[in-house]
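1. attaching a predicted model along with its sequence, questions to come.
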Amino acid sequence: MTPKKKKVQCASPKGLHRIAYLEWGDPKNDKVLVCVHGLTRCARDFDALARAMSDKYRVVCPDIAGRGDSDWLPDPMLYQMPQYVMDMVTLVARLDVESVHWVGTSMGALIGIALAAQANTPIQRFVINDAGPVVSKVSLERIASYVGLAPAFPSLEAAEKYVRTVSAPFGPHTDAEWRFLTEVVMRKNPDGSFRVHYDPKLAEPFRATMPEKDMELWPLWDAVRCPTLVVRGAQSDLLTRETCEKMAGRGPKAKVVELAGIGHAPTLMHEDQIKIVRDFLLG
């Protein structure tokens with residue numbers, strides 16, 4: 001099954017930009033699942049999940065602005081949550097549905113929390129993949145150590161070595177899966193070398209807004225009302241077990257599943273992880 005490639009025009013304070021997205025399954029299906037990737041990843045991360053869910057859903061996987069096939073923003077300081085949420089509201093309007101189910105990994109989950117907290121939110125069922133209303137300073141510093149700094153790679157093999165290093169917390173994957181996780185986030189330069197697929201300037205607001213301690217978003221979490229599942233990598237440095245316990249007791253009182261041998265973040269590529277998401281969304 002091959003997804004359809006589409007784009008939607010969105011607005012920012014500095015003009016218009018296009019968000020690319022992949023659409024899987026029956027385009028007439030009004031049961032829609034939106035899957036949103038992490039900070040430096042892309043829509044293709046969800047290929048396995050989208051393929052598995054497309055029998056029940058029209059699955060829509062966007063590239064957030066500045067990543068993948070979406071436009072880069074003219075002002076790097078726009079690479080922040082308010083713009084991302086506005087873009088996703090525009091995307092849902094384009095899909096012409098009243099409600100959606102949402103799977104968000106890391107940044108995609110934080111976008112989902114911000115959207116699910118709004119009055120009249122379209123999000124009716126929500127899977128959070130390794131993120132929450134407390135984002136640890138340790139994890140933010142780890143991400144800041146590499147985001148926006150990737151060099152040009154002389155070969156795909158060299159690029160894969162880089163991806164395996166910065167994405168080691170994803171946990172065990174086959175050689176073929178690591179190659180896939182590399183290919184989807186690389187672009188070829190005119191000279192034949194490879195570069196990461198995102199605008200390196202998206203690191204500017206990330207570093208400029210680095211908090212002095214853990215980042216807390218509990219007021220947003222407490223405003224979420226839809227049924228919510230939290231998937232946590234047991235070794236995650238971004239989402240602690242303590243935060244998960246609090247997420248289970250307040251706000252939407254999320255169901256929590258922990259995955260052994262994985263850090264930040266599970267890729268949702270493997271059958272056991274896909275089953276956890278599927279059972280919750282269709283339950």
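-> Okay, I see it. Treat the numbers as computed from the prediction; the structure is a model and nothing was measured. Numbering: from 1, shown residues only.

2. helices or strands up against the helix or strand containing residue 165?
-> In the assignment (DSSP states H and E), residue 165 maps to helix 156-166. Applying 3 or more Cβ pairs under 8 Å, 6 or more residues apart in numbering; DSSP states H and E, we find helix 156-166 packed against helix 175-183, strand 194-196. To be clear about C-beta, it is placed using only N, CA and C from the backbone, and glycine gets the same treatment.

3. mind doing that once more with 7 Å?
-> Other helices and strands packing on helix 156-166, by 3 or more Cβ pairs under 7 Å, 6 or more residues apart in numbering; DSSP states H and E, are helix 175-183.

4. mind listing what's buried along the helix it packs on?
-> Along helix 175-183, these residues count as buried under the neighbour rule (16 or more other Cβ atoms under 10 Å): 178-182.

5. quick one: contacts of it?
-> Here helix 175-183 makes contact (Cβ atoms under 7 Å, 6 or more residues apart in numbering) with 156, 159-160, 163-164, 167, 173, 269.

6. buried subset of these as a ChimeraX selection?
-> Those of these that count as buried under 16+ other Cβ under 10 Å are selected in ChimeraX with:
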select :159,160,163,164,167,173,269
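
7. of the contacts of helix 175-183, closest to residue 28?
-> Using Cβ to Cβ, residue 269 is the member of those that lies nearest residue 28, at 27.7 Å.

8. before we move on, the earlier item: orientation of the helix holding residue 165 relative to helix 175-183 in degrees?
-> If you take axes from the mean of the first three to the mean of the last three Cα atoms, to 10 degrees, helix 156-166 sits at 90 degrees to helix 175-183.

9. avg pLDDT for helix 156-166?
-> Across helix 156-166, pLDDT averages out at 96.

10. for stretch 101-119, same thing?
-> Computed over stretch 101-119, the average pLDDT equals 98.

11. all the helices of this protein, in order from the start?
-> 47-53, 81-95, 107-116, 137-144, 156-166, 175-183, 203-208, 218-223, 241-249, 271-282 (DSSP state H).

12. so which bits of stretch 262-272 are buried?
-> Result for stretch 262-272 [16+ other Cβ under 10 Å]: buried residues 262-270.

13. what's the separation between the nearest residue to residue 255 once chain neighbours are set aside and residue 151?
-> Of all residues not flanking residue 255 in the chain, residue 229 sits nearest, at 4.9 Å (Cβ to Cβ, 6 or more residues apart in numbering). Using Cβ to Cβ, to the nearest Å, one obtains 38 Å as the distance from residue 229 to residue 151.

14. neighbour count winner among those two?
-> Between residue 229 and residue 151, residue 229 has the larger neighbour count (other Cβ atoms under 10 Å), namely 21 against 12.

15. doesn't residue 112 make contact with residue 126?
-> Yes: with contact defined as Cβ atoms under 7 Å, residue 126 reaches residue 112; the gap is 6.0 Å.

16. now the common contact residues for those two.
-> If you check residue 126 and residue 112 against Cβ under 7 Å, 6+ apart, the residues they both contact are residue 102.

17. returning to what we had before: most packed of the helices of the chain?
-> helix 107-116 (a mean of 25; mean count of other Cβ atoms under 10 Å).

18. and the contacts of that one?
-> Residues beyond helix 107-116 that count as contacts (Cβ under 7 Å, 6+ apart) turn out to be 36-39, 81, 84-85, 88, 102, 104, 121, 123, 126, 128-129, 131, 133, 217, 220-221, 224, 226.

19. same check on stretch 242-255?
-> 132, 134, 221-222, 224-230, 232, 256.

20. out of those residues, who's nearest residue 210?
-> residue 134 (15.3 Å).

21. check the gap between the residue lying closest to the closest one once chain neighbours are set aside and residue 84 for me.
-> The shortest distance from residue 134 to any non-neighbouring residue, by Cβ to Cβ, 6+ apart, is to residue 243 (4.4 Å). Per Cβ to Cβ, residue 243 is found 22 Å from residue 84.
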